[in-house]
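J.: just coords:
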Ligand code: C2E
Ligand code: MG
Ligand code: MG
Ligand code: MG
């Protein structure tokens, strides 16, 4: 009996493994083509003023509709794209697409606020990155004060000195810099002080169990206090409940993002939300 079970477990394990390997190979071979085949789309998730519920910005999040695999999560294909270097091309497409959307919303009189883009350090460190960024802003009619670039803490800390130099150049353009997934990496406080960063994004893993989990409450409060003392703004991601939102307001975290207000939505839905907000305020 036990032997049978072992065999069955082995079989499910082995077929699961084959399936995963198949998926990996399929993703690898089709990633490049996917851009030409228009298989990527952008979603936008609103960022909210926690006190007023106004949309103050949005984060662009990429989606891949694979003809065979269906919707592939960025958690799966972004690491692959980073590994192969394709991420540079892919995120340049994201920047062009999202910045032209943002500017079209401003043009029709809506108030989308800031656009946050996720960038790999590999991108930022390309020698022609600043040039590309400036050109894209010019081509899409985007002002630098509308743009925020998110880099994860882990990525910055892989090469902190080099990162500081590059981030300084970006900051000089008037673009906001945010550290994504803050708290999950290992920044030393002395580096944090030196980083030309304007905003900390508290990782959703800490928000998830607030306000019930004492440790997560303590960590979240500490990050909010840290941001304040470093004169940075702070946003909480992964806010799913009213209790979490109330806890954040109480602790003066003035910006929130998460399913509680809205999941990431397509451009059309995002535009509808902006129109609705404008009508409410008219
Ligand atoms: P991230 O930048 O930390 O993005 C936040 C993730 O949390 C997103 O997952 C978002 O859909 C999800 N999320 C938002 N609100 C909630 C919530 O209330 N609860 C929970 N449980 N999750 C929430 P997504 O879209 O799957 O993206 C995963 C990661 O992939 C992103 O993490 C980012 O690191 C990367 N990524 C996404 N789009 C891009 C892109 O265009 N370029 C690059 N380089 N990376 C991207
Ligand atoms: Mg992000
Ligand atoms: Mg994050
Ligand atoms: Mg992340």
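T.: That came through fine. In this text, all values refer to a predicted model and were calculated from it rather than measured experimentally. Ligands and ions are numbered 1, 2, ... in the order given.

J.: just the helices in this protein please.
T.: When assigned using DSSP state H, the helices of the chain occupy the ranges 2-36, 74-84, 87-107, 121-124, 129-140, 153-158, 160-172, 189-194, 204-207, 214-229, 242-250, 267-281.

J.: need the residues of the stretch 1-150 of the chain near ligand 2, please.
T.: Taking Cβ under 5 Å from the ion as the test, the list of the stretch 1-150 of the chain residues beside ligand 2 reads 118, 150. (Each C-beta comes from the backbone N, C-alpha and C, glycine too.)

J.: Looking at the stretch 1-150 of the chain, which residue is nearest ligand 3?
T.: Nearest residue of the stretch 1-150 of the chain to ligand 3 (Cβ to the ion) works out as residue 150 at 7.3 Å.

J.: Next, the contact list for that residue, please.
T.: Listed by Cβ atoms under 8 Å, 6 or more residues apart in numbering, the contact set of residue 150 reads 59, 116-119, 178-180, 201.

J.: same question, residue 63
T.: If you count contacts by Cβ under 8 Å, 6+ apart, then residue 63 has 40-43, 71, 74 around it.

J.: hmm, 6 Å instead?
T.: 41, 43 (Cβ atoms under 6 Å, 6 or more residues apart in numbering).

J.: Please tell me how far residue 147 sits from residue 116.
T.: For residue 147, the distance to residue 116 under the criterion Cβ to Cβ, to the nearest Å works out to 8 Å.

J.: what do you get for residue 130?
T.: With distances defined as Cβ to Cβ, the gap from residue 130 to residue 116 amounts to 19 Å.

J.: coming back round to it: among the contacts of residue 150, which one lies nearest to ligand 1?
T.: Ranked by distance to ligand 1 (Cβ to the nearest ligand atom), those are led by residue 118 at 3.7 Å.

J.: Mind listing the residues bridging to the residue of the stretch 1-150 of the chain closest to ligand 3?
T.: Here residue 150 sits in beta bridges with residue 118, residue 178, going by DSSP bridges.

J.: So for residue 186, what's the nearest residue that isn't a sequence neighbour?
T.: Nearest non-adjacent residue to residue 186, counting by Cβ to Cβ, 6 or more residues apart in numbering: residue 157, 5.8 Å away.

J.: residues in contact with the one you found?
T.: Shown here is residue 157, whose contacts under the criterion Cβ under 6 Å, 6+ apart are 185-187.

J.: Contacts only, for residue 86.
T.: Taking Cβ under 6 Å, 6+ apart as the test, what residue 86 contacts is residue 31.

J.: Start at 29, not 1
T.: Yep, numbering from 29; the last one is residue 114 now.
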